[in-house]
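In: Predicted coordinates and the sequence they were generated for:
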Amino acid sequence: MNKDNVQPDPLSEARKKHTASSLASTSLIRRYHAILYGGLVLILLLTLGNAFYLGQQTEKRIINEEKHHALQTLITLNNAISVSLNHVDKMKQALEAHRSYPEKAYNYALTQYLFLQSPEAPTFAPWNNLSDSLKHQVGQLYVHSNSGDIRTGVSVLLSMMPEVVTTHRLHKDFQWSYYYDANKRYSLLYPGLPYQVLFDATASTDMDSTLDVVYDAGGTLPVKLVGPESNPNKEHRWTRPYLDAGGKGMMVSLLEPIYHQDAYIGAVGTDITLKVLDSILSKRQLAIGHLAIVAKSGLVIGDSKGALTKAKEVVNHEQVLSLSAPGAAHQVASGERQSAHDGYWYAYPLTGTPWSLVLEISHTEMMWYILSSLLPYLITGFAFAAILFFIVLHQHWRFSQPALKLAHFVEDLPQKSNIQIPNVPQKWRYWFDCVKDTELERREHLQTINKQTENLENLVQERTQELEATLTTLKQTQEKLVRSEKLAGLGSLVSGISHELNTPVGNAITISSSIKDTIYEFKHIQDESKAEDYFQRIEESAEFLEKNLKRSVELINNFKQISVDQANFHKAKFDLPELLTELKLNVSSLLSKEQISLSEHYPKSLQMHSYPDAISKVMDRLINNVIRHAFAESAQKSLTIECLLIEQSKVRIDVTDNGKGIDTEKVSKVFDPFYTTQLGQGSSGLGLHIVYNLVTELLKGDITVESEQDKGTTFRITLPLQIDAI
């Protein structure tokens, strides 16, 4: 085949142009800016996203805590109410039982005794002059002027007094227990009040008027409330709140009807002041919630914020609660979350009452609570983000941007007629001046060559005499061109590490965009059951993002290690076999996992004065290189480390494996930077280059490699025993 007739491959040429354009300085700068600003935006988004997530968690936590407090309060209220329910029930049972068995129940003698123990008492308050001890046992009896003979009824009332006295002694919150006669002939009150106190409280001057006020009970008409017309099922009833005539403030009454042979004869009851209910509600301080007890009628029975503490009249629902409508609390399921225009509310029915306990949580208080809870985190988070912003921007202004400008400057030099150094930090001026001087010298030399070429025919004889001087000039020029080539190599090295970083950082940007889209979708979802799926997607994206960023950090650290900084290592005296033995302990688990047997041949002792950390690092990288690259899936894997003294002042360390070896054409490239046989599989190609730099620059030694295909590889390191001797 005639080689002159071979046509160039268009696809190959296109690939070369694409590679050249992707490695051009302008392309690198454009991608670097995209990565830089994308990373800064990502930091901000992650900070805000994390704050939003913590806010959601704080909201869930405080709502659960407030609901827990509400349930605890509900239990306490039910316990208090159950005492009242049991109390009036026992009073009713005692009266109805004694009415059913009059021959056993009526105690006319005790009744007569009580009347005799209160001499000179008015007929409308026959027990007014009893001794204090008897008053503590029977209370006070108030009689209407048209009462007739009430001894039988009074003797029956005495049967319930032991229960009344016991309950009041056990529960100090009880105000009064009482009996109302259905015909308003008389009323029994415990603990009793002197009739004059009752006159003053009701603004009356006679008992008939006073009993009218008592039987009215703030307009609640208790006898009528539990009578057969209003209460055909003979159930207990609660009055609406009313102002107590005895000066105890707002209260409610619990009433039970008393029947004898299907005839309604009266009612027993007990009072609960609203202050008692308020104290139960306010006992557990809520962080943001508001508790209130509301009736079906829309009246407020209790309020955790003390709206009833000094009230002189009934308080309506809308005066205390703003999120729930009057009567709504009795139409929803217990403990079920209800949404309102400015918050949430929950309702819990109180057993044995027409009331419900309502818990309201407003969005405004919720937001202030979340803000106050997260404020330290927000301050810390944004401070950290600001510091990170400063570090990244400082790195950009002081290092990354000047380096990219240097690459762009070197690339554009051949096309510029007038060389202008860009605005860069003073520390970078030296490198730009060197490049500029080299380019000017190159141009001057080219001009000289051009002039010499134009006048060559006329100056042959003259130039022959000056040949020796010209050769000297050419040597100097050659040295300057080498310097220019090194600077071009620096640009290539920068391009190489940028190319390596492009993949993980590009992945990180893609993932951050995915997280942003997921958060956007999450904000607009209607079905809360899908929230877990969104959180899982965000978590998986964050893990992949962390993996790529760690890969970027690893590449940067490896790149930094190319330059050996002596300050990072400490010189010391040590025993080399002991150091190598300690190294074996560090890698034994990894060798065992890969089923690689290790053989060691060391002298008993070999003292060195060098950098032990550097030697450990070199050996560790060589062993890891063997584990990663040396072996195929062969049955036997072995690694041998041999150490011996040579020339009395040097030591030789051989690291030999029986692996697949290295191709002959590749042996000379193993120490080149970014050269690897596992490109794209987690290998950066800097490991052996770092080893070479450590051995030759810091340890002042030499390293070679010998390999034969399918027979293994040997890395041979020669080091001086004492660095000071060099």
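Out: Perfect, I can see it now. If you're wondering where the values come from, they're calculated on a predicted model, not measured in any experiment.
In: biggest helix in the protein by residues?
Out: helix 25-100 (DSSP state H).
In: chain center to that one: distance?
Out: On the basis of CA atoms, centre = their mean, to the nearest Å, the separation between the geometric centre of helix 25-100 and that of its chain is 15 Å.
In: same question, stretch 304-319
Out: 40 Å.
In: Over to stretch 632-646?
Out: Distance, stretch centre to chain centre, for stretch 632-646: 51 Å (CA atoms, centre = their mean).
In: Roughly how far does Phe52 sit from Leu45?
Out: 10 Å (CB to CB, to the nearest Å). Just so you know, the C-beta spots here come from the backbone N, C-alpha and C atoms, and that holds for glycine as well.
In: Torsion angles phi and psi at the residue nearest to Pro326 when sequence neighbours are not counted?
Out: Excluding the flanking residues, the one nearest Pro326 by CB to CB, 6 or more residues apart in numbering is Gly298, at 3.6 Å. Here is the backbone geometry of Gly298 (degrees, to the nearest 10): phi 90, psi 0.
In: can you pull the contacts of Gly298?
Out: Applying CB atoms under 8 Å, 6 or more residues apart in numbering, we find Gly298 in contact with 316-318, 326-327.
In: cool, Ser373 as well?
Out: Ser373 neighbours (CB under 8 Å, 6+ apart): Thr58.
In: now do the one 10 residues further on
Out: Counting by CB under 8 Å, 6+ apart, Ala383 makes contact with nothing.
In: shaky segments in the stretch 501-650 of the chain?
Out: Low-confidence segments of the stretch 501-650 of the chain (pLDDT under 70): 501-507, 522-531, 534, 548, 550-567, 634-635.
In: circling back: show me the common contact partners of Phe52 and Leu45, please.
Out: Shared contacts of Phe52 and Leu45, defined by CB under 8 Å, 6+ apart, comprise Ile519.
In: separation between the residue nearest to Pro326 and Lys172?
Out: 31 Å.
In: One more: Asp724?
Out: Look at Asp724 and Lys172: by CB to CB, they are 93 Å apart.
In: can you check Phe399 too?
Out: 78 Å.
In: Name the residue in these two with the higher neighbour count.
Out: Phe399 (13 against 6; other CB atoms under 10 Å).
In: Run through the helices of the stretch 151-300 of the chain in chain order.
Out: 151-157, 161-170, 195-202, 207-216, 222-225, 274-283 (DSSP state H, counting those that start in this stretch).
In: Give me the pLDDT value at the residue nearest to Pro326.
Out: We note a pLDDT of 85 for Gly298 in this prediction.
In: Work out the gap between stretch 533-547 and the centre of the chain.
Out: Its chain's C-alpha centre and that of stretch 533-547 lie 15 Å apart, by CA atoms, centre = their mean.
In: Give me the buried positions along that stretch.
Out: Under the neighbour-count criterion of 16 or more other CB atoms under 10 Å, stretch 533-547 has 537-538, 541, 545 buried.
In: so of those residues, which ones are in helices?
Out: Of the buried residues of stretch 533-547, the ones assigned to helices by DSSP H are 537-538, 541, 545.
In: residue contacts, Leu188?
Out: Shown in contact with Leu188 (CB under 8 Å, 6+ apart): 139-142, 154, 157, 178-179.
In: Go through those and say which is closest to Trp431.
Out: Among the contacts of Leu188, Tyr178 lies closest to Trp431 (CB to CB), at 102.4 Å.
In: And the closest residue to that closest one other than its chain neighbours, how far from Asp654?
Out: Closest residue in space to Tyr178, ignoring its immediate chain neighbours: Leu189 at 4.8 Å, by CB to CB, 6+ apart. According to CB to CB, Leu189 stands 111 Å off from Asp654.
In: So for these two, which residue has more residues nearby?
Out: Using other CB under 10 Å as the criterion, Leu189 and Asp654 rank with Leu189 on top: 18 against 15.
In: Would you mind measuring from that one to Val164?
Out: The span separating Leu189 from Val164 equals 10 Å under the rule CB to CB.
In: which residues do those two both contact?
Out: 139, 177.
In: coming back round to it: for the buried residues of stretch 533-547, give me TSV that also has distance to Pro232.
Out: Shown next, in TSV, are the buried residues of stretch 533-547 (distance: CB to CB, whole Å):
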residue	distance to Pro232
Arg537	63
Ile538	62
Ser541	68
Leu545	72
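In: and the residue lying closest to Val83 once chain neighbours are set aside, how many residues sit next to it?
Out: Leaving aside its sequence neighbours, Val83 sits nearest to His171 (CB to CB, 6+ apart; 5.9 Å). Using other CB under 10 Å, His171 has 13 other residues around it.
In: same check, this time on Pro194
Out: When neighbours are counted by other CB under 10 Å, Pro194 registers 13.
In: Report the contact partners of it.
Out: Pro194 is in contact with 125, 128, 140, counting by CB under 8 Å, 6+ apart.
In: Which of the residues you listed fall within helices?
Out: Among those, DSSP H puts none in helices.
In: Selecting buried members of those residues in ChimeraX, what would you type?
Out: Those of those that count as buried under 16+ other CB under 10 Å are selected in ChimeraX with:
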select :125,128,140
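In: Just send the contacts of Pro194 back as a markdown table, with pLDDT and distance to Ile511 too.
Out: Formatted as a markdown table, the contacts of Pro194 follow (pLDDT from 0 to 100; distance: CB to CB, whole Å):
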| residue | pLDDT | distance to Ile511 |
| --- | --- | --- |
| Ala125 | 87 | 88 |
| Asn128 | 84 | 89 |
| Gln140 | 88 | 83 |
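In: which among the contacts of Pro194 gets closest to Asn231?
Out: Of the contacts of Pro194, the one sitting nearest to Asn231 (CB to CB) turns out to be Gln140, at 26.9 Å.
In: Let me see the contact set for that closest one.
Out: By CB under 8 Å, 6+ apart, the residues touching Gln140 are 125, 127-128, 188-195.
In: Now for the residue nearest to it when sequence neighbours are not counted, how many residues are close by?
Out: Closest residue to Gln140 apart from its sequence neighbours, by CB to CB, 6+ apart: Gly192 at 2.5 Å. A count of nearby residues for Gly192, using other CB under 10 Å, gives 21.
In: so Gly192 touches Gln137, yeah?
Out: No. Gly192 is not in contact with Gln137 according to CB atoms under 8 Å; the separation is 10.4 Å.
In: Pull up the gap between Leu281 and Gly343, please.
Out: Counting by CB to CB, the gap from Leu281 to Gly343 is 18 Å.
In: between the two, who's got more neighbours?
Out: Leu281 (24 against 20).
In: tell me the contacts of that one?
Out: By CB under 8 Å, 6+ apart, the neighbours of Leu281 are 73, 291-293, 302-304.
In: What subset of these is buried?
Out: Buried by 16+ other CB under 10 Å: 73, 291-293, 302-304, out of the contacts of Leu281.
In: for Leu255, which residues make a bridge with it?
Out: Beta-bridge partners for Leu255, by DSSP bridges, are Arg237, Gly269.
In: swap that for Tyr242, sorry
Out: Met251.
In: so how far is Val268 from it?
Out: With CB to CB as the criterion, Tyr242 and Val268 are 18 Å apart.
In: The two: which has the busier surroundings?
Out: Neighbours around Tyr242 and Val268, counted as other CB under 10 Å, are more numerous at Val268. The numbers are 28 against 19.
In: measure that one to Ser304 for me?
Out: 31 Å.
In: His68 now?
Out: His68 is 15 Å from Ser304, by CB to CB.
In: Next: Phe535.
Out: 35 Å.
In: next one: stretch 580-592 to chain centre, how far?
Out: Offset of stretch 580-592 from its chain centre (CA atoms, centre = their mean): 40 Å.
In: what's the neighbour count on Glu697?
Out: So Glu697, with other CB under 10 Å, has 13 neighbours.
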